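> need coordinates for the below:
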Amino acid sequence: MADDEMEIINPPNTLKSKVREGGPGAVDLATLERAENVIAEMADSYLEWVQEDLKRIDGAYKKLAEASGERTKEAEEVFQIAHDIKGQGGSFGYDLMTLIANELCRLIERQDGFGPAEVQAVKVHIDAMKLVIQNRMKGDGGANGQALVDGIRQVGDKLNK
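Below is the predicted model:
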């Protein structure tokens, strides 16, 4: 092939070959409705699950607060639990849980070490998640939810100045 000629090579789309459009086995509106109903039925279970996650993150926070040095190992444990919480919240209508847990994950990722200010910022995020569940703040939580998110973001901004 000459230097001025170009050949375009399109990779195969293996996923497309596995997805059916219409016919038996295809996803239809009834299937989606059944899936949504299953998720709705699990919403009460979410409140139980998240209570367990909040207990776990409290335990991880306690280790973080009591540790010395950079505390990165302890912060990683908090991060993992927050990441789990982030993944579940929105699925069950608790969008604030997803948002706050995401902010906590980003806060932890930005830190090289964890001194008193960083540890306190982690606690503020955990307390905010507890508040969301305690008050059953579904969706965006309205004006109170927005105020909570604004406060959480201000905490993160102060640490990164």
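> which residue packs closest to the residue minimising distance to the centre of the chain, ignoring adjacent ones?
Nearest to the geometric centre of the chain sits Lys86, at 1.8 Å (Cα atoms, centre = their mean). In this structure, Lys86 finds its nearest non-sequential neighbour in Ala101, 3.6 Å apart by Cβ to Cβ, 6 or more residues apart in numbering. (Glycine included, C-beta is placed from N, CA and C.)
> assign Gly89 to helix, strand or coil.
Assigned with DSSP: H, G, I helix; E, B strand; the rest coil, Gly89 falls in the helix class.
> now do the same contact list for it.
50, 95-99, 101 (Cβ atoms under 8 Å, 6 or more residues apart in numbering).
> now for those: which two are most distant?
Using Cβ to Cβ, the pair of the contacts of Gly89 lying farthest apart is Val50 and Leu99, separated by 14.2 Å.
> what lies in contact with the helix or strand that contains the residue nearest to Lys86?
Using DSSP states H and E, Ala101 maps to helix 95-110. Helix 95-110 has contacts (Cβ under 8 Å, 6+ apart) with 50, 75-76, 78-79, 82-83, 85-90, 118, 121-122, 125-126, 128-129, 132-133, 137-141, 145, 148-149, 152-153, 155-156, 159-160.
> one more pass at 7 Å, please.
50, 75, 78-79, 82-83, 85-86, 89-90, 121-122, 125, 128-129, 132, 137, 139-141, 145, 148-149, 152-153, 156, 159-160 (Cβ atoms under 7 Å, 6 or more residues apart in numbering).
> same check, this time on stretch 128-142
Under Cβ under 7 Å, 6+ apart, the answer for stretch 128-142 is 47, 50, 54, 85, 93-97, 100-101, 144-146, 148, 152.
> now the buried members of those.
Buried subset of the contacts of stretch 128-142 (neighbour count, 16 or more other Cβ atoms under 10 Å): 50, 54, 85, 93-97, 100-101, 145, 148, 152.
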